[in-house]
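K.L.:
Build the 3D model from these lines:
(one chain, ligands or ions: 2)
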Amino acid sequence: MGGWGWGGYIASPPLHPGYLSAFSDRCFLVSVLVTLARPATEGRGAVWLGEILAHGVYHLFAQCEPGFRRLITLLSAEHWSCWCVAGRETRLLPADWSASSSQQGEVESGTRRKLNRLLSFQRFFHASRLLRGLASHSPGSLHILDNDYLGQAAHMLSKVETWNFDIFLFDRLTNGNSLVTLMCHLFNVCDLIHHFQLDMVKLHRFLGMVQDDYHSNNPYHNAVHAADVTQAMYCYMKEPRLAEQLTPLDGFLGLMAAAAHDVDHPGVNQPFLMKTRHHLASLYQNTSVLESHHWRSTVGMLRESGLLSHLPANISQDIEQQLGSLILATDISRQNEFLVTFREHLDNQDLDLQLASHRHFMLQIALKCADVCNPCRDWELSRQWSERVCEEFYRQGDLERKLNMEISPLCDKLTDSVPAVQIGFISYIVQPLFQEWQRFTEPSLLSQMMMSNLHKNKDRWSRLWCVHAASETQPHSEEPGGGGGGDGEDIS
Ligand SMILES: Nc1ncnc2c1ncn2[C@@H]1O[C@@H]2COP(=O)(O)O[C@H]2[C@H]1O
Ligand SMILES: [Zn+2]
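P.N.:
Ligands and ions are numbered 1, 2, ... in the order given. Coordinates of the predicted model:
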């Protein structure tokens with residue numbers, strides 16, 4: 001059961017040529033574009049899509065409209081700011097690009113005309129997806145559901161603050177739109193739409209983009225996880241000690257950060273990105289690589305949707321920064337840093353939630369709790385998350401095995417069983433954090449219930465681990481790691 005590997009990052013591992021296969025086509029495309037758009041090509045003034053097409057990736061364009069949002073985010077992070085579309089050709093230009101006056105004039109008028117039409121460009125790809133039968137779930141697809149389903153979903157929403165809220169069922173009832181539906185509901189009940197004078201169309205567009213940018217083929221890091229974390233975050237922000245002090249801005253930030261905190265997660269972890277020298281790892285200098293990407297992608301979508309465009313620039317900038325600080329706090333390698341500070345505050349009893357900085361710290365802690373709260377759910381919900389997260393780890397491990405790379409901790413399906421991974425995760429990550437959370441929220445029925453679930457679930461995984469260990473010694477042992485739920489039936 002040893003070998004708990006949080007934070008065991010690999011320093012400067014070798015580049016493996018096959019690493020791109022770990023990513024979706026969209027990630028691959030962004031990788032190609034960013035490589036081609038690097039300042040090394042600056043001498044030529046522009047990078048033409050035609051060249052990229054010549055690399056044989058055109059078909060990827062048609063599938064990857066969210067990639068363009070990320071691309072723009074990434075490029076703007078690297079001071080590439082000009083974007084224009086001319087016929088079938090797209091140029092990516094550095095902000096300080098200089099060229100002959102005729103070229104420049106052509107580009108400037110093209111830019112003026114086309115820049116504002118980025119959304120039309122996106123619509124082109126949406127249309128393309130529709131034509132090829134690849135339409136994704138969108139908020140608009142809700143109407144195809146039977147009224148019974150919508151009625152049941154609405155009924156669930158009326159109890160959205162209950163801890164045994166079944167997000168998997170809710171996702172089915174909303175036809176895969178759990179994140180959008182949940183967020184719209186919570187924004188309504190928290191009066192955020194009215195308070196911030198939000199445009200409902202823009203809000204829907206933003207939430208639809210966020211939901212679509214989660215990878216639905218990830219077993220764990222998908223939009224349902226985001227919805228689950230958002231529901232938990234809402235429960236935590238309703239804890240009396242916090243709720244009494246939170247401002248509408250805090251509520252807005254907490255829910256937005258929860259919904260977007262893992263957006264565009266590739267289904268592999270930071271060490272994997274580092275050892276395969278993925279462009280995101282170098283862009284963010286091997287530090288909070290995924291979290292930085294989640295944040296920058298969120299900012300890109302916020303700006304693209306125009307959701308905050310009616311607010312003064314200093315306010316929207318502050319919101320973007322605070323979202324960053326919240327999302328970056330979910331980096332699990334920073335767990336100890338936050339835990340130590342949290343404990344110190346509780347020991348010294350010096351948390352003053354009238355201070356914006358202290359409220360922000362508590363939002364960071366609440367989001368961290370929400371992100372790892374799945375072992376505190378009812379067994380049936382908790383077990384599903386455990387199996388999903390391990391499945392994602394094992395996929396990474398299988399890929400590493402295939403690529404002859406060292407298999408990352410927790411990712412080897414042949415040695416890291418689901419019960420063993422769960423016992424380690426609960427003992428080293430979840431329990432220490434929730435013990436402090438319980439101190440902070442005391443007296444809280446929710447915290448009591450979560451701690452009770454946590455202990456029961458840990459006991460159950462321990463029993464399953466014994467069953468698993470015993471089966472390992474039998475001549476006809478079962479496939480390791482599989483069917484935690486099935487085993488659960490045997491021992492209950
Ligand atoms: N039940 C679980 N078992 C093991 N690891 C988990 C579990 N739940 C969450 N995690 C890990 O904790 C991390 C918290 O941040 P992420 O959601 O990015 O990724 C999560 C997983 O890597
Ligand atoms: Zn997460």
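
K.L.:
From now on I want contacts and neighbour counts done on CA atoms only, so please keep to that.
P.N.:
Will do.

K.L.:
Where in this structure is the helix or strand with the lowest mean pLDDT?
P.N.:
strand 82-86 (a mean of 27; mean pLDDT, DSSP states H and E).

K.L.:
Looking at the stretch 101-250 of the chain, which residue is nearest ligand 1?
P.N.:
At 6.6 Å from ligand 1, His221 is the closest residue in the stretch 101-250 of the chain, using CA to the nearest ligand atom.

K.L.:
Tell me how many other residues crowd that residue.
P.N.:
Neighbours of His221 under the rule other CA atoms under 10 Å: 22.

K.L.:
Next: Tyr214.
P.N.:
For Tyr214, using other CA under 10 Å, the count is 22.

K.L.:
again, but for the one 10 residues further on
P.N.:
Applying other CA under 10 Å, we find 23 other residues in the vicinity of Val224.

K.L.:
Likewise for Asp212?
P.N.:
Going by other CA under 10 Å, the residues that sit close to Asp212 add up to 23.

K.L.:
For the stretch 301-450 of the chain, which segments count as helices?
P.N.:
Secondary structure of the stretch 301-450 of the chain (DSSP state H, counting those that start in this stretch): helices located at 313-328, 335-348, 356-371, 379-402, 418-425, 431-441, 445-473.

K.L.:
helices or strands next to the longest one in the packing?
P.N.:
Right, helix 445-473. Other helices and strands packing on helix 445-473, by 3 or more CA pairs under 8 Å, 6 or more residues apart in numbering; DSSP states H and E, are helix 379-402, helix 418-425, helix 431-441, helix 484-491.

K.L.:
give me that answer again for 10 Å
P.N.:
If you count contacts as 3 or more CA pairs under 10 Å, 6 or more residues apart in numbering; DSSP states H and E, helix 445-473 packs onto helix 223-237, helix 379-402, helix 418-425, helix 431-441, helix 484-491.

K.L.:
Need the contact partners of the fourth one.
P.N.:
In this structure, residues lying in contact with helix 431-441 by CA atoms under 10 Å, 6 or more residues apart in numbering are 236, 239-242, 335-336, 338-340, 342-343, 345-347, 349, 351, 362, 365-366, 368-369, 372-373, 375-376, 425-427, 442, 444-448, 450-451, 454-455, 458.

K.L.:
For that helix, buried residues please.
P.N.:
Gln431, Leu433, Phe434, Glu436, Trp437, Gln438, Phe440, Thr441 (16 or more other CA atoms under 10 Å).

K.L.:
any chance of the residues you listed in JSON lines, plus pLDDT?
P.N.:
Compiled in JSON lines, these are given as follows (pLDDT from 0 to 100):
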{"residue": "Gln431", "pLDDT": "98"}
{"residue": "Leu433", "pLDDT": "98"}
{"residue": "Phe434", "pLDDT": "98"}
{"residue": "Glu436", "pLDDT": "98"}
{"residue": "Trp437", "pLDDT": "98"}
{"residue": "Gln438", "pLDDT": "98"}
{"residue": "Phe440", "pLDDT": "98"}
{"residue": "Thr441", "pLDDT": "98"}
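
K.L.:
roughly how far apart are the residue in the chain that ligand 1 sits nearest to and Phe393?
P.N.:
Using CA to the nearest ligand atom, the single residue of the chain nearest to ligand 1 is Ser386, 4.2 Å away. For Ser386, the distance to Phe393 equals 11 Å [CA to CA, to the nearest Å].

K.L.:
shouldn't Ile332 be in contact with Phe425?
P.N.:
No. The pair Ile332 and Phe425 fails to qualify as a contact (CA atoms under 10 Å) at a distance of 11.2 Å.

K.L.:
At the contact with ligand 1, which residues of the chain appear?
P.N.:
Contact residues, the chain versus ligand 1 (CA under 6 Å from any ligand atom): Thr330, Ile332, Asp371, Val372, Asn374, Pro375, Trp385, Ser386, Val389, Val421, Gln422, Phe425.

K.L.:
where does this protein dip in pLDDT?
P.N.:
1-146, 475-492 (pLDDT under 70).

K.L.:
How is it partitioned into domains?
P.N.:
Per automatic domain parsing, the structural domains of the chain span 17-131, 141-371, 396-491.

K.L.:
picking that back up, now the helices and strands packed on helix 445-473 in CSV, with distance to His261?
P.N.:
Supplementary listing: these in CSV, determined by distance: least, CA to CA, whole Å:
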stretch, distance to His261
helix 223-237, 7
helix 379-402, 16
helix 418-425, 20
helix 431-441, 19
helix 484-491, 28
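
K.L.:
residues touching Ser386, list them.
P.N.:
Tyr220, Asn374, Pro375, Val418, Pro419, Val421, Gln422, Phe425, Gly484, Gly485.
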